[in-house]
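[1] take a look and give me a structure for this.
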Amino acid sequence: MGKDVIIALDFAGARETFEFLDKFEEEKPFVKIGMELFYSEGPEIVREIKHRGHKIFLDLKLHDIPNTVKKAMAALSRLDVDMVNLHAAGTIDMMRRGLEGLTRPDGTRPLLIAVTQLTSTSEERMQKELLIAAPINDVVVKYAENAKAAGLDGVVCSPLEAKMVKEACGSGFMTVTPGIRFADSDKGDQVRVTTPEMAREIGSDYIVVGRPVTAATDPVEAYRRCVSEFID
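    A predicted model of the protein is given here:
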């Protein structure tokens, strides 16, 4: 499994998105399309970005009753994306059904990963507001184990939890880690964060980077810095 840097295209619409992507004349970075952009522009922007030669992580975090998730994943399977996700909190059955829906008649499918706990969620909030009493590390590992039991390829977790997920689920179980900031960057609304270099040392397979690249004065140079710190 190769490592890669995924840029979060957290833009309001197509114009800003393509103005950003047009800056990359040499590279074709792996990109993430989240809820804001997808709900604004619909499937057509996925098709256009794929046509431009980018790998796509479609980050819609499905979480519903198992049959609804299965049907929604079947619809997403018709888009030529490389990775999609759902919430592990939806139970093993929901994840299994989602995997069934995502698998095309010929047996092919995008990678499917499960969100454990959002990187904006602290242990205190999880325990006080969600009434999940266990330590957050234990919750993340348990959700990862559930995702593996459901047949998924990996999980979304903070880089701080990637190592323990690997220890519990095996080195081949994929970790996709948002909450990445340069050492000299602002943390924004993220709580459980680390740097690209630290994520590499911990064992993340993919890192998702948003504002440190998209809001940089020179986004291409910021992206190359991420690649250098995480991969090179």
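[2] give me the buried positions along the worst-scoring helix or strand of the chain on mean pLDDT.
    For the chain, counting by mean pLDDT, DSSP states H and E, helix 196-202 ranks last in confidence among helices and strands (a mean of 91). Within helix 196-202, the residues that qualify as buried are P196, M198, A199, R200, I202, counting by 16 or more other C-beta atoms under 10 Å. For glycine as for every other residue, the C-beta is placed from the backbone atoms N, C-alpha and C.
[3] for stretch 67-81, same thing?
    Neighbour counts over stretch 67-81 (16+ other C-beta under 10 Å) mark V69, K70, A72, M73, L76, S77, L79, V81 as buried.
[4] and which of those residues is nearest to G90?
    The shortest separation between G90 and any of the buried residues of stretch 67-81 is 6.8 Å, and it belongs to V69 (by C-beta to C-beta).
[5] if I look at E201, how far off is T194?
    Using C-beta to C-beta, to the nearest Å, E201 is found at 9 Å from T194.
[6] so who does K142 touch?
    For K142, the residues meeting the contact criterion (C-beta atoms under 8 Å, 6 or more residues apart in numbering) are A134.
[7] tell me which element it is part of?
    With elements delineated by DSSP states H and E, K142 resides in helix 136-149, which encompasses its position.
[8] check which element follows that helix along the chain.
    For helix 136-149, the following helix or strand on the C-terminal side (DSSP H and E) is strand 154-156.
[9] and the next helix or strand after that next one, what does it pack against?
    Note on strand 154-156: by DSSP H and E, the next helix or strand toward the C-terminus is helix 159-169. For helix 159-169, the elements it packs on are helix 136-149, strand 174-177, helix 196-202, judged by 3 or more C-beta pairs under 8 Å, 6 or more residues apart in numbering; DSSP states H and E.
[10] among these, which is nearest L112?
    With C-beta to C-beta as the yardstick, what comes closest out of the helices and strands packed on helix 159-169 is helix 136-149 (8.8 Å).
[11] between the closest one and helix 159-169, how many degrees?
    50 degrees (axes from the mean of the first three to the mean of the last three C-alpha atoms, to 10 degrees).
[12] buried ones in helix 136-149?
    For helix 136-149, by 16+ other C-beta under 10 Å, it's I136, N137, V139, V140, V141, Y143, A144, E145, N146, A147, K148.
[13] just stretch 6-26 next, same as before
    Those buried within stretch 6-26 under the rule 16+ other C-beta under 10 Å are I6, I7, A8, L9, D10, F11, A14, T17, F20, L21, F24.
[14] next one: stretch 26-33
    Taking 16+ other C-beta under 10 Å as the criterion, stretch 26-33 shows P29, F30, V31, K32, I33 as buried.
[15] was I right about the last one contacting E48?
    The reference is to I33. No: contact status for I33 versus E48: not in contact, 10.7 Å apart, counting by C-beta atoms under 8 Å.
[16] packing partners of the lengthiest strand in the chain?
    If you go by DSSP state E, the chain has its longest strand at strand 56-62. Contact partners of strand 56-62 among helices and strands, from 3+ C-beta pairs under 8 Å, 6+ apart: strand 30-33, helix 35-41, helix 43-51, helix 66-76, strand 83-87.
[17] how far does it sit from the chain's center?
    7 Å (C-alpha atoms, centre = their mean, to the nearest Å).
[18] any weak-confidence spans in the protein?
    1, 185-192 (pLDDT under 70).
[19] on that earlier part again, CA atoms only: put the least confident helix or strand of the chain into CSV for me.
    What follows is the C-alpha trace of helix 196-202 in CSV, where atoms were taken according to Å, rounded to 0.1, in the frame of the first residue of the first chain:
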residue,chain,number,x,y,z
PRO,A,196,3.1,15.4,8.2
GLU,A,197,6.4,14.2,9.5
MET,A,198,5.0,12.9,12.8
ALA,A,199,2.1,11.2,10.9
ARG,A,200,4.7,9.4,8.8
GLU,A,201,6.6,8.2,11.9
ILE,A,202,3.4,7.0,13.5
